[in-house]
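Structure for this input, please:
(one chain, ligands or ions: 1)
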Amino acid sequence: MDKAPDKQKYYLTTPIYYANSRPHVGSAYTTIVCDVIARYKRMCGYKVAYLTGTDEHGVNIERAAERLGISPAELVDRNQRIFIELWKLLGIQYTHFIRTTSPQHARAVQNLVRRTRRHSPDAIYKGKYEGRYCIYDNLYVSDTIEPIDCPTCGRPTELVSEENYFFQLSAYQKPLLELYAKNPQFVLPDFRFNEVKSFVESGLHDLSISRKSVRWGIPWPDDEEHVFYVWYDALTSYMSGIGFVDGEHDGPDFKFWPADIHAMGKEIIRFHAIYWPAFLMAAGMPLPKQIVAHGWLLFEQEKMSKSKGNVAYPEPIVKVLGNDALRYYLMREVVFGQDGNFSRDALLTRYNADLANGLGNLASRVLTMIQSYFDGVVPAPAQPGVVSKDLQFISGPIVSTVLQNYDAFDYSTALLEIWRFISQVDGFLVREKPWKLSEDPAQRPHLSDVLYRSAEALRIISILAHPVLPDGTQAIWKHLGQDGSITQQRIDKTHWGELKVGARVTKPGVIFPRVDHAETSERIARMEDEIRNPGTTQSAAATPSPGAPGAGGPAAAAAPAPGAKISIEDFTRVEMRVGIVKSVERIPGADKLLKVMVDIGDEVRQVLAGIAQFYTPEELVGRKVVVVVNLAPRKMRGQESNGMIVAASVGAEGRPVLATFTEDVPAGAKLK
Ligand code: MSP
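Got it, this is the predicted structure:
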């Protein structure tokens, strides 16, 4: 367990997010993990600074703005608000938010170069660059004219040939290897550290850190023809965001530097574990203490990513199930460091089983019995020997295992242990049968003891689960009538026996209401579609679409403003064909969906259409419809939907009316 002297400082960061698109569940994962760490560390007595922000420069932002017909500044202003709102909705307690378009950040980036030039005069030089650059990953993928496609995302790269400023990364191979040797935990998990070490051992090339061809960036100091390479700019945000000016005239919060942890997804570890320490060494600045990489959240086994159209959004989940549900699911289901799969079905199953039936049910049983049998006043434990003390005996080892796992970022095991404790309390109640004891006045001390012990276990469970479930546990804390806020409790000093006897418990509402699986899943899916296709849910809901038309490429980088114009290229990316409906089935348990088999010329496709309340299967067979055929497939109710049937949305209720043809057209004919 961490031994934290009170008020010792702790600084952690998320990566700053590209402000070219809205966050999805995958991207929110990093921020949620960091929020769990931040809350945990605060409950261990640390004074925590937690930084997040938005990465607002670079060619992909420039181009996304161009496509929308707005300025890059407008685009990033609009998108960074979405991030701020989402973090608020998710209850993220960051302390610092940095935008890379802010003047203090620009000054910090320029000063870092000036400082580097003073400290290591050879570290930055001008040279000729020729290589391949991936605008989507903001990554130089090679220093040669090959390969044409990006090895990370598979999309075409651009050939760049220009005079740039270079960072002499090759000179830092030895210092980096020394750093790794001295800090065997510098990168977590270990297997990622090994990848980093092998990469460095195999030799480092100098790195171009300016661009001439891009306008949307921070100007190079004293050479305004160049702007900074976005990664040099972005990484510096970890310091500028807490007040770095030049290493000598910094703001008061810069005392938090160096960072205790930079957390991030696995794909950007190289920037953090290699480039960033090298930049800092060259500038003579202290280095971050640890780089922690998590895996990816997958959707149908592929990385969740807006450009692939296979994303789930956090807002609908939080609005329907509450903030704790998503946090719990992600921390419980994904083994930290490894890839994890996201599935709405699994989310709902976990919610009902672990939160509604598990913790929520236990809390309401215990609180209700204290209400009924002790007039709502926490009863006292009995004298030693009256009943078995098994909950007390197991609580100590459970507390230390949970803390060890929090310290090791192993949240799934920490939660597993907490839920093991919940089942122990359930078992204890079943064995002791307080409802029976209440019938016999002679058993009053025994009953008092049983309910004291159950409530004490509930208090400990709430403290332990608080970093992951801030809302539900705070509610339980209040119902238990305990002093202050649960956030002020020292999780690292959690001991049996501190429940305040005589405290007045309040009648619990339902803390995690049970939900109807099928109905809730559909409701969330509809809300997600509304995010993808604002204002068109009903007509597009003719088929629950897996992405906005055009998802799958750069045009999807940001939701177009209502009424914004798109180019003919954007339109041609949506492939629509005439389809003939071959057969239609209802889907058991889904009153709005039909499974439609539709002939689109060269194949018969299965498409799910949300029109069951307006069309019968018989009406549809033989009908000619318009099908969007190049949408990414999506699963609903375990069935795959492979396209979208186009419909008008009529009236206030958005009644779908299928588009069709009055003249004879063959199946497969393309719409232009
Ligand atoms: N702007 C850079 C970071 C610069 S830090 C100096 C960037 N931004 S990002 O928006 O693409 O990613 C932000 C975070 O979201 C990263 O930690 C990234 O790994 C995470 N994720 C984005 N999609 C993800 C999943 N599908 N799954 C898990 N995390 C992923 O990179």
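
Check the burial of the closest residue to the ligand within the chain by counting its neighbours.
Here the chain gets closest to the ligand at one residue, residue 265, 1.8 Å apart by Cβ to the nearest ligand atom. Glycine gets a C-beta too; all of them are placed from N, C-alpha and C. Residue 265 has 20 neighbouring residues, counting by other Cβ atoms under 10 Å.

Please apply the same query to residue 239.
Neighbours of residue 239 (other Cβ under 10 Å): 30.

Shouldn't it be within a helix?
Yes: Residue 239 forms part of a helix when assessed by DSSP: H, G, I helix; E, B strand; the rest coil.

Pretty sure it sits against residue 257.
Yes: applying Cβ atoms under 8 Å, one finds residue 239 in contact with residue 257, separated by 5.9 Å.

average model confidence for stretch 379-389?
Averaged across stretch 379-389, the pLDDT comes to 74.

Apologies, that question was intended for stretch 76-88.
Averaged across stretch 76-88, pLDDT comes to 95.

just stretch 246-254 next, same as before
Taken as a whole, stretch 246-254 has a mean pLDDT of 96.

which parts of it are buried?
Neighbour counts using 16 or more other Cβ atoms under 10 Å place 247, 250, 253-254 of stretch 246-254 among the buried residues.

ok, and what's touching that stretch?
Residues outside stretch 246-254 that contact it (Cβ atoms under 8 Å, 6 or more residues apart in numbering) are 49, 96, 108, 111-112, 114-115, 239, 242-245, 283-285.

start to end distance for stretch 490-502?
Taking Cα to Cα, to the nearest Å, the first and last residues of stretch 490-502 lie 22 Å apart.

Touching that stretch from outside, list them.
By Cβ under 8 Å, 6+ apart, stretch 490-502 touches 1-4, 40, 43-45, 377-381, 392, 395-396, 399, 403, 406, 452, 455-456, 459-460, 463-464, 466-467, 480-483.

Name the residues contacting each of residue 239 and residue 257.
By Cβ under 8 Å, 6+ apart, the residues touching both residue 239 and residue 257 are residue 285.

returning to that earlier point: ok, the residue of the chain closest to the ligand to residue 290 distance?
Note on residue 265: its distance to residue 290, by Cβ to Cβ, to the nearest Å, is 16 Å.

Please pick the buried ones from the contacts of stretch 246-254.
Here, 16+ other Cβ under 10 Å leaves 49, 96, 108, 111-112, 115, 239, 242-244, 283, 285 buried among these.

returning to what we had before: right, and the pair among the buried residues of stretch 246-254 with maximum separation?
247 and 253 (14.4 Å; Cβ to Cβ).

still on that earlier bit, check contacts around the residue of the chain closest to the ligand.
15, 29-30, 293-296.

Please convert the residues you listed to a markdown table, extending it with secondary structure and distance to the ligand.
Output for the contacts of residue 265, formatted as a markdown table (DSSP: H, G, I helix; E, B strand; the rest coil; distance: Cβ to the nearest ligand atom, whole Å):
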| residue | secondary structure | distance to the ligand |
| --- | --- | --- |
| 15 | coil | 3 |
| 29 | helix | 5 |
| 30 | helix | 4 |
| 293 | strand | 8 |
| 294 | strand | 7 |
| 295 | coil | 7 |
| 296 | coil | 4 |
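
Pipe the residues you listed into TSV and attach pLDDT and neighbour count per row.
Formatted as TSV, these follow (pLDDT from 0 to 100; neighbours: other Cβ atoms under 10 Å):
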residue	pLDDT	neighbour count
15	97	23
29	96	26
30	96	22
293	97	25
294	96	25
295	94	19
296	93	20
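
quick one: which of those is nearest to residue 443?
Among those, and counting by Cβ to Cβ, the member closest to residue 443 is residue 29, at 49.3 Å.

wouldn't the closest one be in contact with residue 330 here?
Yes: counting by Cβ under 8 Å, residue 29 touches residue 330, with 5.7 Å between them.

Quickly list what's touching both of those two.
Listed as contacting both residue 29 and residue 330 by Cβ under 8 Å, 6+ apart are residue 297.

Out of the contacts of stretch 246-254, which is nearest to residue 632?
For those, the nearest to residue 632 is residue 96 (36.3 Å; Cβ to Cβ).

quick one: the closest one and residue 532, what's the gap?
Taking Cβ to Cβ as the measure, residue 96 falls 31 Å from residue 532.

where in the stretch 201-350 of the chain is pLDDT low?
For the stretch 201-350 of the chain, the stretches flagged by pLDDT under 70 are 300, 306-309.

Spell out which residues of it are next to the ligand.
Taking Cβ under 6 Å from any ligand atom as the contact definition, the stretch 201-350 of the chain meets the ligand at 234-235, 237, 264-265, 267-268, 296-297, 303-305.

thinking again about what came up before, please produce JSON lines containing the buried ones among the contacts of stretch 246-254, extended by secondary structure.
Below are those laid out as JSON lines (three-state DSSP):
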{"residue": "49", "secondary structure": "strand"}
{"residue": "96", "secondary structure": "strand"}
{"residue": "108", "secondary structure": "helix"}
{"residue": "111", "secondary structure": "helix"}
{"residue": "112", "secondary structure": "helix"}
{"residue": "115", "secondary structure": "helix"}
{"residue": "239", "secondary structure": "helix"}
{"residue": "242", "secondary structure": "coil"}
{"residue": "243", "secondary structure": "coil"}
{"residue": "244", "secondary structure": "coil"}
{"residue": "283", "secondary structure": "helix"}
{"residue": "285", "secondary structure": "coil"}
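
of the residues you listed, closest to residue 338?
Distances from residue 338 to the buried ones among the contacts of stretch 246-254, taken by Cβ to Cβ, are shortest for residue 49, at 28.2 Å.

is that closest one in a bridge, and if so with what?
Note on residue 49: beta-bridge partners by DSSP bridges are residue 11.

unless I'm mixing things up, it is touching residue 41, no?
No: between residue 49 and residue 41 there is no contact under Cβ under 8 Å: 10.2 Å.

Can you tell me which residues in the stretch 51-200 of the chain are near the ligand?
Close to the ligand, as judged by Cβ under 6 Å from any ligand atom, the stretch 51-200 of the chain has residues residue 55.

quick one: furthest residue from the center of the protein?
residue 442 (54.0 Å; Cα atoms, centre = their mean).

Could you measure from residue 152 over to residue 136?
Taken as Cβ to Cβ, the span from residue 152 to residue 136 is 8 Å.

Looking at the two, which one has more neighbours?
Legend: neighbour count by other Cβ under 10 Å for residue 152 and residue 136, higher for residue 136 (21 against 14).

Shouldn't the more buried one be within a helix?
No: per three-state DSSP, residue 136 lies outside any helix segment and is coil.

For residue 159, see how far away it is.
For residue 136, the distance to residue 159 (Cβ to Cβ) stands at 15 Å.

what's the answer for residue 400, then?
57 Å.

who's more crowded, the two?
Higher neighbour count among residue 400 and residue 159: residue 400, with 14 against 11, using other Cβ under 10 Å.

any idea how far the more buried one is from residue 194?
30 Å.

for residue 11, same thing?
Residue 11 is 26 Å from residue 194, by Cβ to Cβ.

Between these two, tell me which one has more neighbours.
Counted by other Cβ under 10 Å, residue 11 and residue 194 do not tie: residue 11 has more neighbours, with 28 against 11.

That one touches residue 257, doesn't it?
Yes: at 6.8 Å, residue 11 counts as touching residue 257 under the criterion of Cβ under 8 Å.

Can you work out which residues contact both of those two?
residue 242.

which residues in the stretch 1-150 of the chain form strands?
For the stretch 1-150 of the chain, applying DSSP state E, counting those that start in this stretch gives strands covering 9-13, 17-18, 47-55, 96-99, 124-134, 139-142.

Comparing those by mean pLDDT, which bottoms out?
Lowest mean pLDDT within the strands of the stretch 1-150 of the chain: strand 139-142, a mean of 78.

quick check: angle from the helix or strand following it to strand 124-134?
Downstream of strand 139-142, the next assigned helix or strand under DSSP states H and E is strand 158-167. Angle, strand 158-167 to strand 124-134, by axes from the mean of the first three to the mean of the last three Cα atoms, to 10 degrees: 150 degrees.
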